[in-house]
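# the sequence and its predicted three-dimensional model are supplied below.
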Amino acid sequence: MKNEDQDHQEWTRKKTSQIMIELSDLSQEDAISLELMLRYLRGRAFGMVMILMAILSLLPNLFGHAILTGLLLLILGVQMAMGLSEVKLPKKVLAYSFSRTKIKSVMYKTAPKIAKIEAVLKPRFVFMTEDLGRRLIGAVIIPLSVLIMLPFPLTNFWPALCILVLSLGIIEKDGLAVAIGLIMSLGAVLVVNQIIKILIS
């Protein structure tokens, strides 16, 4: 019989791509609640929820959840910037459910791509994924999440991609990935700014 330490070690060794597949098979019901996801994710909640929301934001035509995903990312960004170690969400938000069929479809399609990215990630410059580094990442995610919620075409893709890279950097403790994500974030803000100028001109 496994003890808690063994269970924790096995859990921490799991790759993000593997957890994504397991996440989509959590329930046999038609929907998977956010609360159920958070309970399963345990210590990886911040990074994994951000990855999930970023992926959904990259696929707006499939879900149309830009406002919800952007708002949730905004909350997570604020909490990270405040230095919180656990995700804290209102009960109404936790009760929100996603279609199990759609979640499974997205996870199975994107997990192999995430696995390829994981292959080049490794712990380095770890200080950028801890303490002040995490607070900085949270502060950067706040404006990116606002951009995701904007009602303009193409304004959500680049911010969501940046959050995806930052989240993978956090989970894999790869400070280089975080640095790349931060640079991309600056570029995303500039690109979205130009898109908005073109659309409203």
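Okay, I see it.

# and the helix or strand containing residue 177, what does it pack onto?
In the assignment (DSSP states H and E), residue 177 maps to helix 175-200. Under the contact definition 3 or more C-beta pairs under 8 Å, 6 or more residues apart in numbering; DSSP states H and E, helix 175-200 sits against helix 132-149, helix 157-172. Where you see a C-beta, it was placed from the backbone N, CA and C, and this is true even at glycine.

# the inter-axis angle of that helix versus helix 132-149?
Here helix 175-200 runs at 20 degrees with respect to helix 132-149, directions being taken by axes from the mean of the first three to the mean of the last three C-alpha atoms, to 10 degrees.

# ok, back up a step: return the most buried member of the helices and strands packed on helix 175-200.
Ranked by average neighbour count under the criterion mean count of other C-beta atoms under 10 Å, the helices and strands packed on helix 175-200 are headed by helix 157-172 at a mean of 25.

# least trustworthy helix or strand in the protein by mean pLDDT?
In the chain, the helix or strand scored least confidently by mean pLDDT, DSSP states H and E is helix 60-63, which has a mean of 50.

# still on that earlier bit, of the helices and strands packed on helix 175-200, give the one that comes closest to residue 122.
Checking the helices and strands packed on helix 175-200 against residue 122 by C-beta to C-beta gives helix 157-172 as the closest, at 7.0 Å.

# any weak-confidence spans in the protein?
Along the chain, the parts satisfying pLDDT under 70 run over 1-13, 27, 42-44, 60-64.

# in space, not sequence, find me the middle residue of it.
residue 50 (1.7 Å; C-alpha atoms, centre = their mean).

# for that one, which residues are in contact?
Contacts for residue 50 (C-beta atoms under 8 Å, 6 or more residues apart in numbering) come out as 73, 76, 141, 163-164, 166-167, 170.

# next: residue 179.
125, 128.

# can you rerun that using 7 Å?
For residue 179, the contacting residues are residue 128, taking C-beta atoms under 7 Å, 6 or more residues apart in numbering as the criterion.

# against residue 46, how distant is it?
Separation of residue 179 from residue 46 (C-beta to C-beta, to the nearest Å) stands at 19 Å.

# please apply the same query to residue 105.
Taking C-beta to C-beta as the criterion, residue 105 is separated from residue 46 by 24 Å.

# can you check residue 109 too?
Going from residue 109 to residue 46 by C-beta to C-beta gives 23 Å.

# I'd like the contacts of residue 50 as TSV, with distance to residue 40 appended.
Compiled in TSV, those are given as follows (distance: C-beta to C-beta, whole Å):
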residue	distance to residue 40
73	19
76	17
141	22
163	21
164	20
166	22
167	17
170	18
